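Participant: Need the 3D shape of this:
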Amino acid sequence: MSNVSPSGPPMAASPLTRAVLEIDEYAAGLGWDQPARLFALVDTERLRSQEPRLAAQLGLEGESAAAPLTPIEQDEVPADRPLDEFLGTVAWPEAVAGCAMTVERLMLPPSAAASVPDGLDEAGLAAWVARHPDRQEVRMTVAVLRDGARESALRLRAKDSATEVLTGSDLVPGLADALAATFEG
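Facilitator: Residues are numbered from 1 along each chain as shown. Coordinates of the predicted model:
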């Protein structure tokens with residue numbers, strides 16, 4: 001079953017899944033080989049009532065069928081900094097209900113773990129994975145809410161279609177943990 005309705009917006013069981021699929025579709029429209037992107041997730045009705053001008057800029061005024069969560073892309077994620085280090089500097093105001101991130105990575109099947117050469121540093125491992133014949137390019141979109149809810153979408157470059165996107169709450173637990181930490185303290 002497709003996650004995309006014939007008229008466009010993603011069909012999903014929860015508002016968070018819908019937001020993740022909306023962000024995945026946005027990222028897909030930008031093409032591959034893109035930098036990581038960070039999004040604030042805000043309650044659409046709250047945005048309309050408290051920030052009507054911003055809601056109008058985002059095309060949200062008067063829409064009765066608008067998604068419950070609105071993703072708002074943040075400033076560029078620095079490419080020269082590890083993601084976990086960057087995310088450690090992020091804090092959100094109370095008006096932000098959650099956050100999401102898209103990031104592209106190379107992935108290997110579990111069977112490749114046994115053939116990883118010993119003694120590789122991080123750069124050496126990245127180079128080895130990049131040359132591996134079974135590597136897959138994947139775009140991960142991960143979102144978390146303040147209440148602890150999580151959702152992810154995975155899109156393989158080899159199957160770059162909205163109907164081939166895999167969703168689930170525990171697909172990228174490390175990134176979900178890092179995003180959730182942006183709401184702590």
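Participant: ok, longest strand in this structure?
Facilitator: Within the chain, and with DSSP state E defining each element, the longest strand by residue count is strand 96-107.
Participant: which helices and strands sit right next to the helix or strand that it is followed by?
Facilitator: Next along the chain after strand 96-107, taking DSSP states H and E as the criterion, comes helix 122-131. On a contact count with 3 or more CB pairs under 8 Å, 6 or more residues apart in numbering; DSSP states H and E, helix 122-131 meets strand 96-107. Where you see a C-beta, it was placed from the backbone N, CA and C, and this is true even at glycine.
Participant: Helix, strand, or coil at the residue nearest the centre of the chain?
Facilitator: Against the mean C-alpha coordinate of the chain, by CA atoms, centre = their mean, the closest residue is Thr141 at 2.3 Å. Judged by DSSP: H, G, I helix; E, B strand; the rest coil, the three-state class of Thr141 is strand.
Participant: I'd like the distance between it and Ala158.
Facilitator: According to CB to CB, to the nearest Å, Thr141 stands 17 Å off from Ala158.
Participant: Could I get the phi/psi values of the closest residue in space to Glu76 that isn't next to it in sequence?
Facilitator: Counting by CB to CB, 6 or more residues apart in numbering, Pro35 is the residue found nearest to Glu76 once chain neighbours are left out, at 6.9 Å. The phi and psi values for Pro35, taken as degrees, to the nearest 10, are phi -70, psi 170.
Participant: give me the low-pLDDT residue ranges for this structure?
Facilitator: Scanning the chain for pLDDT under 70 picks out 1-12, 61-66, 185.
Participant: the longest helix in this structure is where?
Facilitator: Scanning the chain for the longest helix, with DSSP state H as the assignment, gives helix 15-30.
Participant: That helix vs strand 96-107, what angle?
Facilitator: Computed with axes from the mean of the first three to the mean of the last three CA atoms, to 10 degrees, the direction of helix 15-30 lies at 50 degrees from that of strand 96-107.
Participant: and helix 15-30, what does it pack onto?
Facilitator: Using 3+ CB pairs under 8 Å, 6+ apart as the contact definition, the elements that helix 15-30 packs against are strand 37-43, strand 69-73, strand 96-107, strand 136-145, strand 150-156, strand 166-168.
Participant: Tabulate those strands (TSV), appending distance to Ala130.
Facilitator: What follows is the helices and strands packed on helix 15-30, written out as TSV (distance: least, CB to CB, whole Å):
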stretch	distance to Ala130
strand 37-43	22
strand 69-73	28
strand 96-107	6
strand 136-145	10
strand 150-156	16
strand 166-168	23
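Participant: so which of those comes closest to Leu21?
Facilitator: The stretch from the helices and strands packed on helix 15-30 with the least distance to Leu21 (CB to CB) is strand 150-156; that distance is 6.0 Å.
Participant: Fine by me, thanks again.
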